[in-house]
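A.B. asks: Sequence first, predicted model second:
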Amino acid sequence: MNSDDELRDLWREQPAAPVRKGEDMLTLVIERTRKVDRQIAARNTREICAALLVMVTFAVMAWHAGGWIERLGWAITSASGVWIVFYLMRHGKGPGRPDRDASVAAYTAVLAEFYDRQIRLLRSVKYWYILPMYCGVAIAALGQWLRTHDTAAALRGMSIVTLGCIGVAILNERYGVRKLEQLRAELPRND
């Protein structure tokens, strides 16, 4: 007997994967709900800390700005941190918690709705997250240019900010949405 035949026989002798029962499926969905809830809480905490850092940093920059247009731009950027915190607290919540005695279908529906909400949140990140900060930085850069007339520095700064914003948008709208769509597709079907 050659090694291919031995491998084939060994493979055939393996027991078939057990079929998941309703209780096993419910446990799996409950655990996934808890895991997603923890991940979203961690993400929101990181984003809120970053937004608070943006608020403080740009408020200080507004205070020390050389002209009123710069001051306005940095103040808008600082205020965008407040907006981000508000928006995440309102729209970035984890999945709701159905009753422990709920069915697999109820948990699956909660997770599916949650994934859909998070996908919408990430697809709109350029509007509620990036745009307010970007507008503030653009106004501040304009004010700095009007004060110093250093075109190269203004273009260099705006180029870096623009590339950073594009990067954040791509990460959220491509990678983040794709990951959430994969997780949603893995949910058990209620056929």
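C.D. replies: Cool, the structure landed. Residues are numbered from 1 along each chain as shown.

A.B. asks: in the protein, what spans have low per-residue confidence?
C.D. replies: 1-23, 25-26, 94-102, 190-191 (pLDDT under 70).

A.B. asks: all helices for it, in order.
C.D. replies: Secondary structure of the chain (DSSP state H): helices at 3-13, 22-63, 68-91, 104-123, 125, 131-148, 151-170, 177-185.

A.B. asks: neighbours of E31, just the number please.
C.D. replies: Residues within reach of E31, counting by other C-beta atoms under 10 Å, total 10. No exception for glycine: its C-beta is placed from N, CA and C like everyone else's.

A.B. asks: let me redo that: G67
C.D. replies: Look at G67: counted by other C-beta under 10 Å, it has 15 neighbours.

A.B. asks: for the one 5 residues further on, same thing?
C.D. replies: Neighbour count of L72, defined by other C-beta under 10 Å: 17.

A.B. asks: From V85, how far off is it?
C.D. replies: 21 Å (C-beta to C-beta, to the nearest Å).

A.B. asks: Ok, M55 next?
C.D. replies: Taking C-beta to C-beta, one finds M55 at 8 Å from V85.

A.B. asks: Ok, A109 next?
C.D. replies: For A109, the distance to V85 equals 29 Å [C-beta to C-beta].

A.B. asks: So these two - more neighbours on which side?
C.D. replies: V85 (19 against 16).

A.B. asks: Surely the more buried one touches A50?
C.D. replies: No - counting by C-beta atoms under 8 Å, V85 stays clear of A50, with 9.8 Å between them.

A.B. asks: Check which residues of stretch 125-132 are buried.
C.D. replies: V125, K126, W128, Y129, I130, P132 (16 or more other C-beta atoms under 10 Å).

A.B. asks: is it true that the fourth one touches G81?
C.D. replies: This means Y129. No - shown here, Y129 and G81 do not form a contact pair, counting by C-beta under 8 Å, at 10.5 Å.

A.B. asks: Spit out the residues that contact these two alike.
C.D. replies: The overlap between the contact sets of Y129 and G81 (C-beta atoms under 8 Å, 6 or more residues apart in numbering) is empty.

A.B. asks: Skipping adjacent residues, who's closest to V161 in space?
C.D. replies: V137 (5.1 Å; C-beta to C-beta, 6 or more residues apart in numbering).

A.B. asks: likewise R117?
C.D. replies: H91 (7.2 Å).

A.B. asks: what's the neighbour count on the one you found?
C.D. replies: Counted with other C-beta under 10 Å, the neighbours of H91 add up to 13.

A.B. asks: How about T27?
C.D. replies: Other residues near T27 come to 13 when the count uses other C-beta under 10 Å.
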